[in-house]
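> can you look at this prediction? I've put the sequence above it.
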Amino acid sequence: MSKVNDDGLEVLKRFSGQRKGEVVEFMLRKHPITLLASTIALAVVFMLPPIFYVAIMPAALPGLLYSPYRDIFFLLTTIYYGFFWIIAFMELADYYLDIVLVTNMRIMKVDQAGLFNRIVSELELDKIQDITSHIDGPIRTLFNFGNLEIQTASEINRVKPMDIPHPVRVRRRIMELITAIDEHHH
Amino acid sequence: MSTLIYAFAFLVIPLGFFAFFSWALLYHILKFGYKKSTNTKLAFLYSFIMIALALFVIENYFAVDWSDATMRDFLRRSNLNNFI
C-alpha cells in the first residue's frame, strides 16, 4: 500500500476519511535516529538481570545462587522481561503510529502519545500563511532532520511536524502544493 | 492462604498485566496501523515473544518451592550484609 515517490518520501495510497479527488503526496515519520536514545535505555534495562546474576549476586547473595532459592529469581526475571517487552513494543508502536500525512488538500498529523492517547489534527493547505523549516543542533544538521513551523490565521495550530527527515525538501514541496491550489482558484 | 497470595502476586497479577497491555498494543497496531502486512508482522512478532514469556512465567512459577520453610529461609538468606 505504501511506496516511495520521486522526492524519496514515503507515500500511503489510501486512508480512512479520504475525500473525493484527494491524493496523498507523501507520508512522514520521525527520523529513525530519534529512536536511538530509547534504544540505548532499553539495551541497558535488558542487560540488568545478567549483570545482576554474574556480577552482583555471587558477591552479595551467595546463599541464594542455588535451587530452590534461585528459582524465585528466575521467576522474577521472566516477569521483568515480560514488562520489558511490553515497554519496548510500546516505543516501537509509538514510532510506527506517529505520522504526518500531506495530501493535495490538507496536512494531517497523527500523534499516538501513548496507549489510549491519540491526537489527530488536520490543516487545510489553503489556510497556511507561511512555513518555516527548522534544523536545530549538530545531530539534526548531521542527519538532516528537523521541525516544520506552519503559520495560519488561527491562533492555535497543533499541526507541527517534529523531527521529520528532509524538512527543507518537505517545506518546498508543501509550498508547491499551496501554489498549485492558489493557481487552481484564480 | 499464603499460597493463594503468592499465586496472585507472582502469577495472576503479572499475567493479567501482560494480557491487558498485549490487548491494548495489538488493538492499536491492528486498528491504527497504516499497512496491513506490516501490522500483521508486528502483531505476530509481539505475540510470539509475549506468549513465550508468559509460558516461561507459568513454568517458573510452578518450579518454585513456595513452602513456608523455603520462603523463611529465602528471606533469611537474602539479607544484604555481605554486600554492604
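Good, I have the coordinates.

> only C-alpha atoms from now on, for both contacts and neighbour counts.
OK.

> tell me the residues of chain B that contact chain A?
Within chain B, the positions near chain A by C-alpha under 8 Å from any C-alpha of the partner chain are B:10, B:14, B:18, B:21-22, B:24-25, B:28-29, B:32-35, B:46, B:49-50, B:53-54, B:56-57, B:60-61, B:63-65, B:70, B:74, B:77-84.

> check the secondary structure at the residue nearest to A:Phe15 when sequence neighbours are not counted for me.
Nearest non-adjacent residue to A:Phe15, counting by C-alpha to C-alpha, 6 or more residues apart in numbering or on different chains: B:Tyr34, 7.9 Å away. Three-state call for B:Tyr34 (DSSP: H, G, I helix; E, B strand; the rest coil): coil.

> contact residues of chain A facing chain B?
Remark: the part of chain A in contact with chain B comprises A:1-2, A:12, A:15, A:59-61, A:63-64, A:68-69, A:71-72, A:74-76, A:78-79, A:81-83, A:85-86, A:89-90, A:93, A:96-97, A:115, using C-alpha under 8 Å from any C-alpha.

> the residue nearest to A:Phe15 and A:Pro62: what is the separation?
According to C-alpha to C-alpha, to the nearest Å, B:Tyr34 stands 51 Å off from A:Pro62.

> one more: A:Glu25?
A:Glu25 is 62 Å from A:Pro62, where distance means C-alpha to C-alpha.

> ok, these two, which is more surrounded?
Between A:Glu25 and A:Pro62, counted using other C-alpha atoms under 10 Å in any protein chain shown, the more crowded position is A:Glu25 (21 against 14).

> can you tell me which helices and strands the longest helix along chain A packs against?
Determined from DSSP state H, the single longest helix within chain A is helix A:69-97. Applying 3 or more C-alpha pairs under 8 Å, 6 or more residues apart in numbering or on different chains; DSSP states H and E, we find helix A:69-97 packed against helix A:36-51, strand A:106-114, helix B:13-32, helix B:36-63.
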